[in-house]
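> Here is the input, now give the coordinates:
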Amino acid sequence: MTRQDLVNKSIDKLNTVKEALELINILEYDECIAVLTGTKNLPSEIHSALMRRGKEANGGKTTLALAMAGIQNIVNE
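Sure, this is the predicted structure:
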């Protein structure tokens, strides 16, 4: 899975947590926030990976926006 696959929207479905984690590793900061705010009922492993990647993509800093997106994901119904 590459960044180009993501840009071309050639990824229809993720079949495993491993594939999801692989995709998360190529996301940018804003994309991590978008995923967190646009989803619900994520497995904790994926939620943690998104938070970790968002922080890493932002130079190691956890922002209020990232923290709020993480909380919003948890409380989304």
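
> so where's the chain shaky on pLDDT?
1-3, 5-12, 77 (pLDDT under 70).

> any chance you could map the helices in it?
3-7, 17-24, 29-38, 44-57, 64-75 (DSSP state H).

> Next, the angle helix 29-38 makes with the fourth one.
Here helix 44-57 runs at 150 degrees with respect to helix 29-38, directions being taken by axes from the mean of the first three to the mean of the last three CA atoms, to 10 degrees.

> Which strands or helices does helix 44-57 pack on?
Contacts defined by 3 or more CB pairs under 8 Å, 6 or more residues apart in numbering; DSSP states H and E place helix 44-57 against helix 17-24, helix 29-38, helix 64-75. Every C-beta, even on glycine, is put in place using the N, C-alpha and C of the backbone.

> got the angle between that helix and helix 64-75?
Using the same axes, to 10 degrees: helix 44-57 against helix 64-75 is 170 degrees.

> Pull the distance from helix 44-57 to the chain's centre.
6 Å (CA atoms, centre = their mean, to the nearest Å).
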